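[1] Generate coordinates for the sequence data below:
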Amino acid sequence: MAGKFVVSKRGNGEFQFVLKAGNGQVILTSEGYSAKASCSNGVESVRKNSQDDKRFERKTAGNGKLFFNLTASNGQVIGSSQMYADEGGRDGGIASVKDNAPGATVDDQSA
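    I've put the predicted structure just below:
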């Protein structure tokens, strides 16, 4: 089963997307966008930038857990991962974004 972007509207009126792997697990979460068109542009930016390993920032949170950010060419964060216990999990998450993002469908649930 292929991955999908799920677009939703937050309680504060902002739009956001998550990228889900084929198994339904969330692998990337976006920031909030004030306009739906900006959110759609974010989805396209993930598709494009997910194929460049240099766009993935591998990070460690204050609690020692690992995560990654996917950035655009201008350095802006497009999406962030969940927290992982080890590097293997984080690297697996990055690989899943690379595999799922390019062909992922969009499920707009923001209406």
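
[2] if I pick residue 94, what's in contact with it?
    By C-beta atoms under 8 Å, 6 or more residues apart in numbering, the contact set of residue 94 is 53, 56, 58, 68, 81. In short, each C-beta sits where N, CA and C put it, glycine included.

[3] Relative to residue 35, which of these is nearest.
    Top of the list for closeness to residue 35, among the contacts of residue 94 and by C-beta to C-beta, is residue 81 at 24.5 Å.

[4] ok, the closest one - how many residues close by?
    A count of nearby residues for residue 81, using other C-beta atoms under 10 Å, gives 24.

[5] so which strand or helix has residue 18?
    strand 15-20 (DSSP states H and E).

[6] elements contacting that strand?
    strand 4-9, strand 26-30, helix 36-49, helix 87-100 (3 or more C-beta pairs under 8 Å, 6 or more residues apart in numbering; DSSP states H and E).

[7] could you check the distance from the closest residue to residue 98 other than its chain neighbours over to residue 107?
    Once flanking residues are discounted, residue 98 sits nearest to residue 50: 5.4 Å by C-beta to C-beta, 6 or more residues apart in numbering. Separation of residue 50 from residue 107 (C-beta to C-beta, to the nearest Å): 18 Å.

[8] neighbour-wise, which of those two wins?
    residue 50 (24 against 14).

[9] pretty sure the more buried one contacts residue 70?
    Yes - the criterion here is C-beta atoms under 8 Å, and residue 50 meets it with residue 70 at 6.3 Å.

[10] before we move on, the earlier item: most surrounded residue in the contacts of residue 94?
    residue 81 (24 neighbours).
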